[in-house]
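Participant: Quick one, what's the 3D model for this:
(4 chains)
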Protein chains: 2
Amino acid sequence: MSTPNGGAAASDGAMADAACEPVDFWSAFKRAHEVVRARVIADTAEAAGLSEPDLTILANLDKAGGSLRQSELAASLGWDRTRISHQLTRMGNRGLVIRERAGGVTVTLTDSGRTAITAVHPGLDTAVRRHLTDKLSAQEIETLTSVFRRL
Amino acid sequence: MSTPNGGAAASDGAMADAACEPVDFWSAFKRAHEVVRARVIADTAEAAGLSEPDLTILANLDKAGGSLRQSELAASLGWDRTRISHQLTRMGNRGLVIRERAGGVTVTLTDSGRTAITAVHPGLDTAVRRHLTDKLSAQEIETLTSVFRRL
DNA sequence: CTGTTAGTGTTGACATCTCAACACTAAGAA
DNA sequence: TTCTTAGTGTTGAGATGTCAACACTAACAG
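Facilitator: Residues are numbered from 1 along each chain as shown, chains lettered A, B, ... in the order given. Below is the predicted model:
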């Protein structure tokens, strides 16, 4: 156990805080994101036998009324065409969605897919509250929202 | 706890801002992380012919003096044993690291690996500043650091 | 009608991540 | 010694993400 994190002994001239270095601040950002992500997924998607991308797709389709153009789905998620195509192929094989040609391609929730997302949706909101927003003050949420919008 | 949210969480009904819903706040968090990650990697790892996991491993080995026990590497990154093993196999095949049996397994930078990380390291700091900390006020960095540590 | 161009999806190859199962080593208990 | 247990790494299979190449359609110019 070496924990050679440069200890308090040497450096700190002015800043005594943890994230002196920008790189450390970035690492903390990544860690926080990863921790919250793992907990939320464990409480929602995994609990329902779905993967994270499954849940993301199903939630977006549901929010749009159950049906979307493949390209609109990609745009609203910021995903690549290839990524959407592969993911929908896997989900189609498992009976969660159907794809039909109509100019472009229209993706539609199956009964099975709608059942799945309906079952998970309330838990998703609860999980995000429990693992994220409940741990923050209103002031902090405001600050972070402002920062996220800027990036 | 050091988290006296002082009943702040109760004020949610008054928020008229963009992220009313916790789920939207979480989406914004994910987007911000993804955007910064993509930009930093594009300016550093990709520019040097390395992948993100390559860079992560090399940077940690370098910070530790060039050599670490495989289990310590895993622990310091919060990675799974399997993930480290597969990644090191790939990196070993490309000549970036060597593994030697000594009780456990010790991972060491090769000359090629040290050259690579040495070339990238200054750019990493610059990239994180440009794409993240330079866009934030000292006040905001302080707030975010506090939040990240709590999660 | 023919050719061009842009937009949209698919496919295959490969890198990465996770899970379950297995193998090896080191300590200690019988 | 022999057995057990915990810690550590590896392997193979399947899921996911990325890249390059290809195919199809629509709109438009010649």
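
Participant: Residue nearest the middle of chain A, spatially speaking?
Facilitator: A:R37 (6.5 Å; CA atoms, centre = their mean).

Participant: May I ask you to confirm that that residue is in contact with B:K30?
Facilitator: Yes - contact criterion CB atoms under 8 Å: A:R37 and B:K30 qualify, at 7.5 Å. (Each C-beta comes from the backbone N, C-alpha and C, glycine too.)

Participant: so how many other residues sit close to the residue lying closest to A:K135 once chain neighbours are set aside?
Facilitator: Once flanking residues are discounted, A:K135 sits nearest to B:R150: 5.9 Å by CB to CB, 6 or more residues apart in numbering or on different chains. Counted with other CB atoms under 10 Å in any protein chain shown, the neighbours of B:R150 add up to 13.

Participant: any idea how far A:G92 is from A:E100?
Facilitator: Computed with CB to CB, to the nearest Å, the distance linking A:E100 and A:G92 is 11 Å.

Participant: Kindly report the same for A:G104.
Facilitator: A:G104 is 16 Å from A:G92, where distance means CB to CB.

Participant: Which of the two has more residues huddled nearby?
Facilitator: A:G92 (15 against 10).

Participant: And for that one, nearest residue in space, chain neighbours not counted?
Facilitator: With CB to CB, 6+ apart as the criterion, A:G92 has its nearest non-adjacent residue at 6.2 Å, and that residue is A:R99.

Participant: now do A:I41
Facilitator: A:I41 sits nearest to A:E52 (CB to CB, 6+ apart), 5.2 Å away.

Participant: check contacts around the one you found.
Facilitator: Listed by CB atoms under 8 Å, 6 or more residues apart in numbering or on different chains, the contact partners of A:E52 are A:R37, A:I41, A:A45.

Participant: what does chain A put close to DNA strand D?
Facilitator: A:S51, A:E52, A:P53, A:D54, A:W79, A:D80, A:T82, A:R83, A:H86, A:Q87, A:R90, A:G103 (CB under 7 Å from any atom of the strand).

Participant: out of those, which one sits closest to A:L132?
Facilitator: A:E52 (15.7 Å; CB to CB).

Participant: any weak-confidence spans in chain A?
Facilitator: A:1-20 (pLDDT under 70).

Participant: Give me every residue in it lying close to DNA strand C.
Facilitator: Counting by CB under 7 Å from any atom of the strand, chain A sits next to DNA strand C at A:69-71, A:74, A:81-82, A:84-86, A:88-89, A:99, A:104-105.

Participant: out of those residues, which are inside strands?
Facilitator: A:R69, A:R99, A:G104, A:V105 (DSSP state E).

Participant: Is the second one in contact with A:R69, as I believe?
Facilitator: When you say that, I think you mean A:R99. No - contact criterion CB under 8 Å: A:R99 and A:R69 do not qualify, at 10.6 Å.

Participant: Now do the shared contacts for the two.
Facilitator: With contacts taken as CB under 8 Å, 6+ apart, A:R99 and A:R69 have A:V105, A:T106, A:V107 as neighbours in common.

Participant: The last one - that's part of a strand, no?
Facilitator: Yes - using DSSP: H, G, I helix; E, B strand; the rest coil, the assignment for A:V107 is a strand.

Participant: Kindly state the beta-bridge partners for it.
Facilitator: Bridge pairing for A:V107 (DSSP bridges) gives the partners A:L68, A:R99.

Participant: what's the spacing between it and DNA strand D?
Facilitator: Per CB to the nearest atom of the strand, to the nearest Å, A:V107 is found 15 Å from DNA strand D.

Participant: Contacts only, for that residue.
Facilitator: Contact analysis of A:V107 by CB under 8 Å, 6+ apart lists A:L61, A:S67, A:L68, A:R69, A:Q70, A:L73, A:L88, A:V97, A:I98, A:R99.

Participant: switch to 7 Å and redo it
Facilitator: A:V107 makes contacts with A:L61, A:S67, A:L68, A:Q70, A:L73, A:L88, A:V97, A:R99, as judged by CB atoms under 7 Å, 6 or more residues apart in numbering or on different chains.

Participant: The second one too?
Facilitator: For A:T106, the residues meeting the contact criterion (CB under 7 Å, 6+ apart) are A:S67, A:R69, A:E100.

Participant: Now render those residues as CSV, adding neighbour count.
Facilitator: Formatted as CSV, the contacts of A:T106 follow (neighbours: other CB atoms under 10 Å in any protein chain shown):
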residue, neighbour count
A:S67, 14
A:R69, 15
A:E100, 9
